[in-house]
Every structure is written in C-alpha cells, then in structure tokens.
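J.: Build the 3D model from these lines:
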Amino acid sequence: MGLYNFMPRFVPKIRSGEKLHTIRAKRAHPDKPGNTLHLYVGLRTRSVELIMRVFCVKVEDIVIDSAPENFLDDNTPMFRIAIDGIELAQSECESLARYDGFESFAEMMEFWDGRLPFHGDIIHWRCQSCLLPSQERAA
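T.: Model (predicted):
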C-alpha cells in the first residue's frame, strides 16, 4: 500500500490524467504492479486531501544526473536520464517531463536542481483504473 504526497501544483494534472507517474526515492518496501497507490496532497497536515486511488501498473529504476562536461550551444547544462539502464534521448526526456506533470524538460530539471545525482523508482499508473474519492462514497 503506497501513500504518496504531491505538491498542490501537480493535483490538477493528476486528476486530469496528464500526470501518469511519480519519481520517488527507493523504499524499503517498494510498490509493485497491482498494488493500490493512495495519492494525497497535504499528507500529515490538517488540510490533507485524497486526490485519488490508482493501481500501480509498472515500476522502473530511474537515474537522473547532470553531465557538467556537456553543454548545449547556449551554455545550458545537459542532463542524463536512464530508465532501467537505458539512457533516454532528448525527445524521450521531454515526454518523461510532461507525463511527470511538468510543462517541459527544462522545468523538470529546475525542479531537480540541487538534488542530483538521483537514483530511485518511477512508479506508473493508468487513469482508466483511477478511483476518485467521490466515486468511492457512491459505491
């Protein structure tokens, strides 16, 4: 049973189905496909709110690291992302960022600034299996 807390900025994208996964540190008892994931905002506060419950469909290993020796033409640093040991192309990094709730890969890397290198899990769900709190009460 995975409990996941999200920043308020991600809630609309989770509810709309635009955000399809979360990137988290490795856990002692990791989630696996078939587990129910409980997605919250404000966890451990008085304003806690259940966003929805979803079923985990896949968990992959992810490594995010900067490549300080490599810069783009405008001196913007490049980053390396590998999922299950396979390095992503730039277009794949853009898709990853969008499915993680960011507008662009550049915005995602601003979020990760100061937190690299990172090695964790990317936990996927599908919104066809989402259960909103209002639907639970009706059932």
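J.: drop to CA atoms for contacts and neighbour counts, all remaining ones
T.: OK.
J.: ok, and for the host helix or strand of residue 22, which residues are buried?
T.: Under DSSP states H and E, the secondary-structure element containing residue 22 is strand 21-25. In terms of neighbour count (16 or more other C-alpha atoms under 10 Å), strand 21-25 has its buried residues at 21, 22, 23.
J.: Quickly list what residue 24 is bridged to.
T.: residue 121 (DSSP bridges).
J.: Quick check: the gap between it and residue 117.
T.: Computed as C-alpha to C-alpha, to the nearest Å, the residue 24 to residue 117 distance reads 13 Å.
J.: What of residue 61?
T.: Counting by C-alpha to C-alpha, the gap from residue 61 to residue 117 is 14 Å.
J.: Looking only at neighbour counts, state which of those two leads.
T.: The residue with more neighbours, out of residue 61 and residue 117, is residue 61; 18 against 12, by other C-alpha atoms under 10 Å.
J.: Pick out the residue nearest the middle of this structure.
T.: Nearest to the geometric centre of the chain sits residue 22, at 1.9 Å (C-alpha atoms, centre = their mean).
J.: That one is in contact with residue 120, isn't it?
T.: No. Using C-alpha atoms under 8 Å, residue 22 is not in contact with residue 120, being 10.4 Å away.
J.: Please consider this matter closed, and thank you.
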